[in-house]
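Chemist: just need the structure, nothing else, for what follows:
(chains A and B)
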Amino acid sequence: MAMAAASAGAERRGIAAIVRRAFADGHIRTYSFALLFFITTYANVVAYRSAYPALSDRLALARSLGTNDAVRLFYGKPYDLLTVGGYAAWRIGGVLTLLAAVWGLLAAIRAMRTEEDAGRAELVLAGIVARRNVYLAALAAILAGIALLWLAGFLGLAVAKLPVGGSAYMALAVVSVAAVFVGVGALASQLAPSRRFAIELSTAALIVSFLARVVADTTTSFEWLRWVTPLGWAEELRPFTGARPWVLLLPVAVSVALIVVAGRIALRRDIDTGLLPTRDDAPPNPRLLGSPLAQTLRGERASFAIWLLSSGFFAFVVGAISTSIASAGLSGALQRQVKHDAGVSIVTPVGYMSLTFIFFVVVLSLFACAQVSAARNAEMDQQLETLFALPIGRIGWLAGRLALAAAAAAAIGLFAGLCAWAGAVSQNAGVSLPQMLGAGANCLPVALLFLGLGTLAYAIVPRASSGIAYGLVMVAFLWQLFGGALSAPRWLIEVTPFQHVGLVPAQAFRAGDAAAMVAIGVAAALAALWTFRRRDLIGP
Amino acid sequence: MEPAIRTEGLTKRYGSTLALDGLDLSVGEGEVYGYLGPNGSGKTTTIRLLLGLHRPSSGRAELFGVDAWSEPVTAHRRVAYVAGEPFLWPALTGAETFEFLARIHGGTDVAYRTELIERFALDAGKKVRALSKGNRQKVQLIAALASRAELLMLDEPTSGLDPLMEVVFRAAVQEAKERGQTIFLSSHILSEVEALCDRVGILREGRLIDEGTLQQLRHLSAQTIDVTFVGEPPRLDRLSGVSVSNGGANSLHFEVTGSVAPLIEALAGHPVVALSSREPSLEEIFLHHYDGSDGHGGG
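Modeler: Have a look, this model is predicted:
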């Protein structure tokens, strides 16, 4: 008896240690997201109050933006743009739910698959804590992270003087998405045999969810799609606009179901394997082994294909719905308003697609971050130690990787242009292929800028470089979305590179800005090459 | 002729930690050099500096007269390296890894590689991610040995290998030695170093505290002599350089540093039945250097 009690106490202490460890492992990411949640919520509410103080201002905004499909694509469907709360729910919700989803799947994969990939899970499971409790401990740590995100969102809204109850409820709507994607990440961690594969699987789930929300919010015949995506449920919770708390049952039920299924699998499968089969034997394939660059391409080609095809698919959808936007018969006042806000006429397919292609600027920038991250991982996995003990120069290696990343980014951009054109032509929109290829190519300068900056971060602080690269893009994009609303000085708003992209083809290509961004990117890349040659390689 | 490896005052600091302190090393072509030291003594740091993977804080390292930091690519044309941690590329099979490394290195002895795969009993069709640590180590070893590089830089190459494979490894190193290849073997497996190496350097806390052939190292260390007498042993505890302890019934156990002449002289007048003398093993030399305050050469 006494011994059983003692060992139960020891296991409790073990569980507590695992929870603390799991939380500490992801704490930088969690705190960064929490900070982002707080700033985004607070700044938007304050900005709306100051920009649209009177009812008449808000009516104008509602008339112009509220019925605009392009804007809905970014932020979701608005239910009430006349109150501060309603505006916040629409404008903040659309962005934060996406961030919450990303956080959720990364947190789950970090705690469940990365630990196993690194061989640490074995050590833990060799201890006295039962397998089931190890799984629950990881979940508890994630739950603590969700609570922190909720608190940050709630405080942002409440400090900006929105009603406390409504603020708490809206923050809950946002983190409900995180909970579902924790489930998605947990399941992907059980299915996939590696961290990378798990991330790809769950990212695909997120893209599908987002696409479903976009289609639901921008068409009338597919509005039911909102009920199949966690991002749509967050909208249907309708914070500040006639709350419907019962909708919470959906994310709760789905996340619990996913977590339970993932847990079942986790308890049964062999450690270091996934449910999906892997092929560990293969006849030798000598292709793409001739140089480090070829071998990089070999390793990354599946990932390149995913980026290419998902961008192409999304672009095709954008092209295909561009004509329904144009024929919606929007009022003259609205047209003037959008034209004033974005500088582009949205009522033509060309205008709509030009506006939407800013998304592909973000996509290519994120792709650039992924390439920085891949270089960093090659070093952390000590592959570079093996490589650079061979007659391989460091500068040549990094320059080759940069060239490959730039070429792949160009390919993705052009392919998106091609697909958008194909989608538009399928609906008989009058758009030419060169116009849309131009829109695709126009995404490249910003991506090259971030590629250069991210690579410089990699050369100086390799360990942190992945976070820095993604962080830069995220902050720049949020500043682009919200900076204008903060009535910040003009020069401060223009710090973000996204401000310097001409909406091609509706607007002229801003050659000067593009050249400046490419020049900064190239300069950063050159500095990176110089630095990388002169530093110690790091280990895991 | 340029030595295969030469360092002058090679020093590396990581922040406030002094990982390597003024290393002067010279390894001639065709030599098998054993680099000994416990964990954290600076062995891997030395190799990373020799390969130009880390930058010296001061001093320099050369491979075949080529500076390791400023001209790594030229230096590496004549080198093959086996890293202490066999990570490699998880998605490549063993065979693909060989192909990749061979193409980068600019050639390999394919027939010898095939033979080594056989001798090391490696399944080269398996992806690296599915291999155990020992098997990944074999992949690295086979690739390095088959490259026939003039200098083999081996960082604890047998960690993870079973005793049978250890035998195969020793035979392969012996073959490389016979072909005139230079081998730099970092290890803390003393029997391995004792069996393979012409010359040994002992590292302690970033400093080379002893170096020489095994003969030379033994010379500096205590010899063990056991003597059995008829009846009660005499009292012989006042000889310089000799420490005495009881070695059982009618026996004495002597540890002799330096010349054994004084002891032999002292024993001459006594009825000795049996005398056995044993040279110190490398293990004893090694432990001698690490035995707390006994600072031969300083630490």
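Chemist: list the contacts of the residue most central in space within chain A.
Modeler: For chain A, A:V102 is the residue whose C-alpha lies nearest the centre (Cα atoms, centre = their mean; 5.7 Å). Residues counted as contacts of A:V102 (Cβ atoms under 8 Å, 6 or more residues apart in numbering or on different chains) are A:181, A:206. Every residue, glycine included, has its C-beta placed from N, CA and C.
Chemist: so where's the chain shaky on pLDDT?
Modeler: With no chain named, the answer covers chain A. Counting by pLDDT under 70, chain A shows low-confidence ranges at A:1-5, A:63-74, A:324-347, A:483-487.
Chemist: actually chain B
Modeler: Where chain B drops to pLDDT under 70, the residues are B:219-221, B:291-299.
Chemist: which stretches of it form strands?
Modeler: Using DSSP state E, the strands of chain B run over B:5-14, B:17-27, B:32-36, B:58-63, B:66-67, B:79-82, B:151-155, B:182-187, B:199-204, B:207-213, B:223-229, B:242-246, B:251-256, B:272-278.
Chemist: for chain A, which of these is the nearest?
Modeler: Smallest distance to chain A across the strands of chain B (Cβ to the nearest Cβ): 3.6 Å, for strand B:79-82.
Chemist: can you list the residues of the stretch 51-200 of chain B near chain A?
Modeler: Proximity of the stretch 51-200 of chain B to chain A (Cβ under 8 Å from any Cβ of the partner chain) is limited to residues B:51-55, B:72-74, B:76-77, B:79-81, B:83, B:85, B:87-93, B:95-96, B:99-101, B:103-106, B:124-127, B:129-130, B:140, B:153.
Chemist: redo that, cut-off 7 Å
Modeler: By Cβ under 7 Å from any Cβ of the partner chain, the residues of the stretch 51-200 of chain B that approach chain A are B:51, B:53-55, B:72-73, B:76-77, B:79, B:81, B:83, B:85, B:87-89, B:91, B:93, B:95-96, B:99-101, B:103-106, B:125-127, B:130.
Chemist: pull out the buried residues from those.
Modeler: Neighbour-count burial (16 or more other Cβ atoms under 10 Å in any protein chain shown) applied to those gives B:51, B:53-55, B:72-73, B:76, B:79, B:81, B:83, B:85, B:87-89, B:91, B:93, B:95-96, B:99-101, B:103-105, B:126-127, B:130.
Chemist: walk me through the domains of chain B.
Modeler: Split into domains by automatic domain parsing, chain B comes to B:5-213, B:222-279.
Chemist: most packed of those?
Modeler: Per residue and on average, the most neighbours among the domains of chain B fall to domain B:5-213, with a mean of 19 (mean count of other Cβ atoms under 10 Å in any protein chain shown).
Chemist: quick one: end-to-end distance for that one.
Modeler: By Cα to Cα, to the nearest Å, the extent of domain B:5-213 from end to end equals 17 Å.
Chemist: ok, now stretch A:76-95?
Modeler: End-to-end span of stretch A:76-95 (Cα to Cα): 9 Å.
Chemist: for stretch B:183-195, same thing?
Modeler: 13 Å.
Chemist: now do stretch B:143-157
Modeler: 12 Å.
Chemist: quick one: distance of it to the chain centre.
Modeler: Counting by Cα atoms, centre = their mean, to the nearest Å, stretch B:143-157 is centred 14 Å from the centre of its parent chain.
Chemist: list the contacts of that stretch.
Modeler: Contacts of stretch B:143-157 from elsewhere in the structure, counted by Cβ atoms under 7 Å, 6 or more residues apart in numbering or on different chains, are B:4, B:44, B:47, B:50-51, B:63, B:78-84, B:97-98, B:101, B:105, B:108-109, B:112-113, B:116, B:141, B:169, B:172, B:176, B:181-187.
Chemist: go on, stretch A:162-181?
Modeler: For stretch A:162-181, contacts defined as Cβ under 7 Å, 6+ apart pick out A:45, A:84-85, A:88-89, A:93, A:96-97, A:100-101, A:103-105, A:146, A:149-150, A:153-154, A:157-158, A:206, A:230-231, A:233-234, A:237, A:239-240, A:243, A:248, A:251, A:254-255.
Chemist: can you tell me which of those residues are in helices?
Modeler: A:45, A:84-85, A:88-89, A:93, A:96-97, A:100-101, A:103-105, A:146, A:149-150, A:153-154, A:157-158, A:206, A:230-231, A:233-234, A:251, A:254-255 (DSSP state H).
Chemist: do you know how far A:Y52 is from chain B?
Modeler: 54 Å (Cβ to the nearest Cβ, to the nearest Å).
Chemist: nearest residue to that residue other than its sequence neighbours?
Modeler: In space, and not counting its chain neighbours, A:Y52 is closest to A:R58: 4.8 Å by Cβ to Cβ, 6 or more residues apart in numbering or on different chains.
Chemist: what about the one you found, how many neighbours?
Modeler: When neighbours are counted by other Cβ atoms under 10 Å in any protein chain shown, A:R58 registers 20.
Chemist: so it touches A:L82, yeah?
Modeler: Yes - counting by Cβ atoms under 7 Å, A:L82 is a contact partner of A:R58 at 4.8 Å.
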